[in-house]
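Novice: structure of the sequence below:
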Amino acid sequence: MDIGQIARQLATLAQEGDQQGGGILALLLPLVLLGGVAYFLLIRPQQKRAQQHQRLVTELEPGDQVITIGGMFGEIVEIDEDRVTLEMYDGTQIEFIRTAISRKVAPERDDDVADDSDSEATEKELGEGADPGDEKPEK
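Specialist: Now for the predicted structure:
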């Protein structure tokens with residue numbers, strides 16, 4: 001059977017269904033709509049998450065701070081093709097499968113550094129010599 005024959009048979013069934021009150025098209029339309037909804041709500045988001053995780057796993061480097069799927073924090077010491085060695089904060093080193101890394105953790109900033117950068121930004125926003133308590137002049 002070629003595609004032309006299948007199309008002719010479907011057209012014939014559709015015509016018979018129209019004569020009988022809807023027929024096969026009335027049955028197929030809800031299934032097609034349900035399939036579309038399932039794709040956009042379930043399948044597509046899962047594929048995106050899998051792609052993001054794969055990208056994360058391939059971009060891992062020694063020195064990255066990560067969290068494993070089991071919730072363990074550590075710093076990557078060594079990376080093999082399919083294994084990652086993490087050093088925990090007490091100095092213990094543990095090997096994991098590379099895909100067991102859940103996400104990277106942003107390095108913690110020192111509070112003094114954060115305070116200095118905030119005050120510099122405030123001075124630039126307000127202008128030199130302005131009191132931080134003063135509001136910005138409106139233009």
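Novice: is it correct that residue 105 is in contact with residue 71?
Specialist: No - the pair residue 105 / residue 71 is not scored as a contact, 11.8 Å apart, by C-beta atoms under 8 Å. The way it works is simple: take the backbone N, C-alpha and C, and place the C-beta from them, glycine included.
Novice: more neighbours: which of these two?
Specialist: Ranked by neighbour count (other C-beta atoms under 10 Å), residue 105 and residue 71 place residue 105 first, with 13 against 7.
Novice: which ones are touching the more buried one?
Specialist: Residues in contact with residue 105 (C-beta atoms under 8 Å, 6 or more residues apart in numbering) are 65, 66, 67, 73.
Novice: from residue 65, how far out is the last one?
Specialist: Remark: distance between residue 73 and residue 65 (C-beta to C-beta, to the nearest Å) = 7 Å.
Novice: when the two are compared, which one has more neighbours?
Specialist: residue 65 (15 against 12).
Novice: now do the more buried one, the pLDDT please.
Specialist: If you check residue 65, the pLDDT there is 94.
Novice: contacting residues for it?
Specialist: 73, 74, 75, 76, 104, 105, 106, 107.
Novice: show residues contacting stretch 39-56.
Specialist: Contacts for stretch 39-56 (C-beta under 8 Å, 6+ apart): 99, 101, 103, 104.
Novice: which among these count as buried?
Specialist: The neighbour-count test (16 or more other C-beta atoms under 10 Å) applied to the contacts of stretch 39-56 identifies residue 101 as buried.
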